[in-house]
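Student: sequence first, then the predicted structure, then my questions.
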Amino acid sequence: MSEWQLGKGGFELNRDPDTRALLDFPSEVFIVDSTIRSLQSSVSGSRHAADDLVEIGLALDRLGVRELLINLSWADGLEVVEKLASARPNARIVGTFRASLERAPEYLEAGIATGVDEICIESAPSVTFLEHAAERLREAGKDISHAFAEALSWDELVELSTAAVRCGSRSLSFHDSYFRMGVNPEAMKVFIRRVRTAVPHHPPLYVHLSNFYGQATMTGVAAVTAGASAIDVCLNLTGHHCGHISLAEAVMVLEDLYDIRTGIDLERISETLDVVKTRSGVPIRLQQPVIGEYAFMVDGTDRAAEAHLRYDDRMHSLLPFPPRVVGAEERVIWTHRTARSDTIALRLASLGLPSDQKSAQRALQLLQGAVEGKKEYPAWLTDDEFVRLLESQSVPREGSYESVHK
């Protein structure tokens with residue numbers, strides 16, 4: 001395999017000057033994370049305790065996210081903030097809640113008491129509310145930010161955003177609920193550009209989107225290409241309305257397709273996902289890009305047919321980036337639906353087993369029987385399973401490692 005470089009692979013037109021001229025990235029791009037907040041949501045189905053969320057937060061901190069968002073009004077929120085604060089992660093601890101809640105003033109005080117670095121007010125009902133909250137947070141030595149999580153007119157958005165700037169808001173975040181759950185990438189670019197024009201001296205702009213149409217990742221990335229600083233993500237995609245922007249997808253699109261560094265330690269993505277899965281009990285969809293089991297799965301017959309080729313010269317068994325980049329491993333699978341006797345012969349030969357036409361045809365029949373004998377999904381064999389099947393039914397070729405050491 002040739003040396004692979006982050007941001008240099010993929011289609012050459014990604015790096016064409018005409019393509020780059022369409023982009024307007026900010027000077028720094030970073031990732032803020034809502035995995036904890038999403039797991040707190042009832043729709044996640046998570047089976048966590050507060051300590052599990054703390055461990056997830058610390059793993060995300062090691063991964064390199066800039067902020068950890070935690071809902072102060074939902075179960076475990078205050079306990080998680082307090083325990084994370086005592087652990088002193090590098091990531092900022094950002095507590096959040098809807099300002100329309102009757103108990104909003106209590107959550108503000110509780111967040112301060114338990115150790116937040118910042119409180120993100122979601123949808124302040126008025127400029128006065130925002131100003132009073134900012135004053136209280138300044139007294140306590142805490143920061144403020146504002147999120148637009150309800151439907152507002154453009155004039156209301158500009159008024160609140162301008163007030164937030166006066167109050168020293170560290171960020172302005174725009175949520176899926178503000179966009180009525182249905183903003184496309186082109187509209188998002190126009191929106192971010194208009195905010196940048198209408199709100200002088202604005203702080204970093206964030207987007208927090210649900211994936212109702214399957215558009216969340218690319219719409220979030222579109223915001224960054226238009227000048228937003230951060231995408232608010234979730235590692236395991238839990239949350240309302242088909243889940244939130246995938247951390248792994250957003251990061252790899254920015255890092256590899258746009259050559260933009262995000263501050264994320266890519267090789268830790270898979271190990272961090274393992275922490276989230278173990279601590280929450282929430283499964284990951286097999287077909288999930290980058291982090292799903294299918295992400296780096298290739299058909300054994302394609303791999304065998306192209307094993308002699310340089311990595312960059314392969315077509316069907318080529319992956320856009322090596323699995324090791326995100327701390328994952330390639331998986332090779334076999335089924336009789338695509339396998340051919342000639343490619344099976346190549347796999348037999350690589351194992352030092354008889355690889356004549358008769359042996360290959362027999363191996364194909366064994367593969368078909370094993371796959372059809374499976375009673376549950378998935379109807380394929382891993383390469384390890386296939387190798388064990390071949391070795392159990394074959395006599396090692398004379399002079400092979402297996403025959404010498406038998």
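Tutor: Ah, there it is. Numbering: from 1, shown residues only.

Student: let me see the mean pLDDT of stretch 366-374.
Tutor: Looking at stretch 366-374 alone, the average pLDDT works out to 94.

Student: how far off centre is it?
Tutor: In terms of CA atoms, centre = their mean, to the nearest Å, the gap separating the centre of stretch 366-374 from the centre of its chain is 35 Å.

Student: list the buried residues in it.
Tutor: 366, 367, 370, 371 (16 or more other CB atoms under 10 Å). Bear in mind the C-beta positions are built from the backbone N, C-alpha and C, glycine included.

Student: with stretch 96-113 instead?
Tutor: Buried residues in stretch 96-113 (16+ other CB under 10 Å): 96, 97, 98, 99, 104, 107, 108, 110, 111, 112.

Student: where does the stretch 101-250 of the chain dip in pLDDT?
Tutor: Within the stretch 101-250 of the chain, no stretch has pLDDT under 70.

Student: re the thing from before, need the max-distance pair from the buried residues of stretch 96-113.
Tutor: Greatest spacing in the buried residues of stretch 96-113, by CB to CB: 98 and 112 (17.5 Å).

Student: which ones among the buried residues of stretch 96-113 lie within strands?
Tutor: In strands, judged by DSSP state E, the following of the buried residues of stretch 96-113 are found: 96, 97, 98.

Student: what residues are up against the spatially closest residue to the last one that is not a sequence neighbour?
Tutor: On the basis of CB to CB, 6 or more residues apart in numbering, the spatially nearest residue to residue 98 that is not a chain neighbour turns out to be residue 122, at 4.8 Å. Taking CB atoms under 8 Å, 6 or more residues apart in numbering as the criterion, residue 122 is in contact with 96, 97, 98, 99, 146, 147, 149, 175.

Student: recalculate using a threshold of 10 Å.
Tutor: Contacts for residue 122 (CB atoms under 10 Å, 6 or more residues apart in numbering) come out as 71, 73, 96-101, 104, 145-150, 173, 175, 177, 208.

Student: for residue 348, same thing?
Tutor: Each residue near residue 348 by CB under 10 Å, 6+ apart is listed here: 304, 341, 354-356, 359-360, 362-363, 387, 390-391, 394, 397.

Student: give me the element it is part of.
Tutor: Assigned by DSSP states H and E, residue 348 belongs to helix 341-350.

Student: by contact count, what packs against the next helix or strand after that helix?
Tutor: Moving toward the C-terminus from helix 341-350, the first helix or strand encountered (DSSP H and E) is helix 357-372. Helix 357-372 sits against strand 331-334, helix 341-350, strand 381-382, helix 383-393, with contacts defined as 3 or more CB pairs under 10 Å, 6 or more residues apart in numbering; DSSP states H and E.

Student: relative to residue 239, which of those is closest?
Tutor: strand 331-334 (27.6 Å).

Student: what about that closest one, distance to the chain center?
Tutor: 24 Å.

Student: contact partners of it?
Tutor: With contact meaning CB under 10 Å, 6+ apart, strand 331-334 is reached by 293-304, 317, 323, 343-344, 347, 363-364, 367, 370-371, 378-387, 389-390.

Student: could you rerun that using 6 Å?
Tutor: 297, 298, 300, 303, 367, 380, 381, 382, 383, 386 (CB atoms under 6 Å, 6 or more residues apart in numbering).

Student: so what strands line up beside it?
Tutor: On the basis of DSSP bridges, the sheet neighbours of strand 331-334 come out as strand 297-299 (parallel), strand 381-382 (antiparallel).

Student: make CSV out of those strands and add distance to residue 48, mean neighbour count and mean pLDDT.
Tutor: Below are the strands paired with strand 331-334 laid out as CSV (distance: least, CB to CB, whole Å; neighbours: other CB atoms under 10 Å; pLDDT from 0 to 100):
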stretch, distance to residue 48, mean neighbour count, mean pLDDT
strand 297-299, 29, 18, 92
strand 381-382, 30, 19, 94
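
Student: distance to residue 47 added to these, as JSON lines?
Tutor: As requested, those are exported to JSON lines (distance: least, CB to CB, whole Å):
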{"stretch": "strand 297-299", "distance to residue 47": "28"}
{"stretch": "strand 381-382", "distance to residue 47": "28"}
